[in-house]
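Chemist: can you look at this prediction? I've put the sequence above it.
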Amino acid sequence: MKVALELALEAHSVGEVPVGCVFVYEPTGAIIGRGRNKTNESLNGTRHAEFEGIDMILAQEEYFAKNKQDSRSFWKDVVLYVTIEPCVMCASALRQLGIGHVYFGAGNDRFGGNGSVFNIHTDTELPHSPYPSEGGYYRGEAIIILRKFYVGENTHAPEPKKKKHRVLKEELP
Amino acid sequence: MLDQVLPEAEVRALETVDVYIATIEPKHTNQVIKFIRGKLPATQGLDHIKQIRKTTTDDGAVKLDVVLCEGLALSAQVLDQLLKQEGLESMVTPRIHGVPKYPPLTRDQFEQWKAAWPTTFREDTNRHPKISDKDEAAIMGHIQSVWGHTAEATSKGELPIAAMIVDPLTQQIMATSYDTRKSTGYILQHAVMNCVAAVAKRERDGSLSQRAEYHHQQPHSIGSDTVVPISSEKQGAEPVTGRESTPSPICGEKRKKNPVSETNLSTPSPESSASPLLRDEGAGDTEDRRVKKAYLCTGYDVFLTHEPCVMCSMALVHSRVGRVFYTVPMAASGGLGSQHKIHSHPSLNHHFFVYRQVGYQAQQDKVKEQCGDDSMNENKGASIGLLALENQKVDC
Ligand SMILES: [Zn+2]
Ligand SMILES: [Zn+2]
């Protein structure tokens, strides 16, 4: 979770909404993917930290092979640590992959797909299996980083304060 | 007539909240109203409820039913006490009654709910935009063209799911993609995700080239295995010059205004095919630029063969699209009408219009044609076209 927070700070330093995440492969305990929000840089509103992390995992031959061979049994050994609750999009993506477990920092009452707005992780109607998800880990830190972004402490951030408020609210992944 | 997927709030059945009402003589009205305003707690969130309704007793006498206050606001004893203090206890005998909890949003709801208690109703035409014949013809053309891409997908061993993003102001096709989860081994590469990525890629590449050239630049292939090349042959459709057929979606002022709409309305020209982003940069408006960049699909139309999964539905929210048209509803997985209505969820900050079963009949006819007369033969029909994924537990 500490690494995820550092990634959130990195996102903050380049004017992205500060969300960071790491994926850990349980059998080895190794961090196999990390990501931070990249929606502005990519011009793509779907490039959330989680997707950056997933892509990083699949870019590694070893894990790509595992994923290709039996995607479900690979992803059930993968745990996600993310500073902010996954949004509805990411929550569904994680479900489709078959993620083993999700731990997040602060809830996301705008977009949250793991309990705040939708319950994509526990929905019994949707395809694929539900997955466990727990929030509140380093919640304070995650919120402080968001608040920094909100207050505009970072001089690199291009938007004036008035806009920033909206960016924060709308773009929370 | 396109089948709009209405927000849950517009199709929900009557829900009631308990209030105290009393049947009074018309001549006591002023006295009772004065008591209500002066002594009773005001109702919260029930502004749509009419205070008084006319009622006729069995013997034909006209009386009035009056809303006193919310059931939870006071106990019956306290209410009786207050009535006694004002000397009204003989005129007003309170009882509990259920009134509509929410304001009716459609005429249907208004008509059905008024039996419980009369409400005010103002029809909001922005919720159900009229689609002109011309617009509908263009929509049907686009949906047919997106189905055209499923053959290529199938030929490459992919699922026959395709997506196309169109700028409704110019009818320019911004990107076309199909599902690539099979060939890439990356199960999240759905048609919508690929298409949104293709628009972003195109914009990133476009920003690098000369702005002046951009206007004349043909859409180019995307050199990535994750996206399907933008089709260029469908270019040059007649520009639509009016926007009366596509008013803002439900969220109204919350929705970001399409940055090109005003200028385009007044000066439609072949040059107006520039993206909102480039136009804004040209105008020197840097203040909001980064925000717009991430919302690259603001106001765009999206054409899909299948109802998107929850992930893709939310990706369309993040991309700020304007309207989505799809042919095949996905009962088990769909996020725009079947399982969820992500396009109109009250907590989400962007809403868009969704139309389902667009071009469904045409696709069904095609299946019939290909299968011969016993087209509903399951073995045959299930493997092709429209029916290939319908009723399956697949995320599209
Ligand atoms: Zn997300
Ligand atoms: Zn999808």
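Modeler: It's in. None of these values were measured; they are calculated from a predicted model. Ligands and ions are numbered 1, 2, ... in the order given.

Chemist: which SSE is residue B:141 in?
Modeler: Under the criterion of DSSP states H and E, residue B:141 resides in helix B:133-148.

Chemist: end-to-end on stretch A:131-142?
Modeler: 23 Å (CA to CA, to the nearest Å).

Chemist: does it come close to chain B?
Modeler: No. Residues of stretch A:131-142 are not located near chain B by CB under 8 Å from any CB of the partner chain, the shortest gap being 13.8 Å. C-beta coordinates here come from the backbone N, C-alpha and C atoms, glycine included.

Chemist: what residues does that stretch touch?
Modeler: A:1-2, A:5, A:8, A:81, A:83-86, A:91, A:94-95, A:98-107, A:114-115, A:121 (CB atoms under 8 Å, 6 or more residues apart in numbering or on different chains).

Chemist: need the helices for the stretch 251-396 of chain B, in chain order.
Modeler: In the stretch 251-396 of chain B, the helices defined using DSSP state H, counting those that start in this stretch lie at B:261-266, B:276-282, B:289-294, B:310-318, B:360-371, B:378-381.

Chemist: contacts only, for the nearest residue to residue B:357 once chain neighbours are set aside.
Modeler: The shortest distance from residue B:357 to any non-neighbouring residue, by CB to CB, 6 or more residues apart in numbering or on different chains, is to residue B:3 (5.3 Å). Applying CB under 8 Å, 6+ apart to residue B:3 gives the contacts B:355-358.

Chemist: can you tell me which of those comes closest to ligand 2?
Modeler: Distance to ligand 2 across those (CB to the ion) is lowest for residue B:356, with 15.7 Å.

Chemist: and the closest one, how many residues sit next to it?
Modeler: Residue B:356: 21 surrounding residues under other CB atoms under 10 Å in any protein chain shown.

Chemist: what sits opposite it in the beta ladder?
Modeler: residue B:3 (DSSP bridges).

Chemist: that one contacts residue B:337, doesn't it?
Modeler: Yes. Using CB atoms under 8 Å, residue B:356 is in contact with residue B:337, at 5.5 Å.

Chemist: ok, residue B:194 touching residue B:164?
Modeler: No. The criterion here is CB under 8 Å, and residue B:194 misses it with residue B:164 at 11.1 Å.

Chemist: show me where chain A has helices.
Modeler: In chain A, the helices defined using DSSP state H lie at A:2-13, A:39-42, A:49-58, A:61-69, A:71-75, A:88-97, A:139-151, A:161-171.

Chemist: is chain B contacted by the fifth one?
Modeler: Yes. Between helix A:71-75 and chain B, judged by CB under 8 Å from any CB, the touching residues are residue A:71.

Chemist: ok, now the first one?
Modeler: No. In terms of CB under 8 Å from any CB, no part of helix A:2-13 sits within range of chain B; the closest distance is 12.9 Å.

Chemist: can you list the buried residues in that helix?
Modeler: By 16 or more other CB atoms under 10 Å in any protein chain shown, the buried positions in helix A:2-13 come out as A:4-9, A:11-12.

Chemist: equivalent analysis for the shortest one, please.
Modeler: Of the residues in helix A:39-42, those with enough neighbours to count as buried (16+ other CB under 10 Å) are A:39-42.

Chemist: also the third one?
Modeler: Using 16+ other CB under 10 Å as the burial criterion, the residues of helix A:49-58 that qualify are A:49-54, A:56-58.

Chemist: and the residues you listed as TSV, adding pLDDT and distance to ligand 2?
Modeler: Shown next, in TSV, are the buried residues of helix A:49-58 (pLDDT from 0 to 100; distance: CB to the ion, whole Å):
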residue	pLDDT	distance to ligand 2
A:49	97	19
A:50	98	15
A:51	98	13
A:52	98	18
A:53	98	19
A:54	98	14
A:56	97	21
A:57	97	19
A:58	96	17
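
Chemist: switch those over to JSON lines; also include distance to chain B.
Modeler: Shown next, in JSON lines, are the buried residues of helix A:49-58 (distance: CB to the nearest CB, whole Å):
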{"residue": "A:49", "distance to chain B": "13"}
{"residue": "A:50", "distance to chain B": "10"}
{"residue": "A:51", "distance to chain B": "8"}
{"residue": "A:52", "distance to chain B": "13"}
{"residue": "A:53", "distance to chain B": "12"}
{"residue": "A:54", "distance to chain B": "7"}
{"residue": "A:56", "distance to chain B": "12"}
{"residue": "A:57", "distance to chain B": "10"}
{"residue": "A:58", "distance to chain B": "6"}
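
Chemist: of these, which pair is most distant in space?
Modeler: A:49 and A:58 (15.3 Å; CB to CB).

Chemist: re the thing from before, now, of the contacts of residue B:3, which are buried?
Modeler: Buried members of the contacts of residue B:3, counted by 16+ other CB under 10 Å: B:355-358.

Chemist: now, which of the residues you listed sits nearest ligand 1?
Modeler: Nearest to ligand 1, judged by CB to the ion, of the buried ones among the contacts of residue B:3 is residue B:356 at 25.2 Å.

Chemist: pLDDT score for residue 117?
Modeler: Reading this off chain A. We note a pLDDT of 96 for residue A:117 in this prediction.

Chemist: that's the wrong chain, I meant chain B
Modeler: Listed pLDDT for residue B:117 reads 97.

Chemist: which SS class is it?
Modeler: With DSSP: H, G, I helix; E, B strand; the rest coil as the basis, residue B:117 sits in coil.
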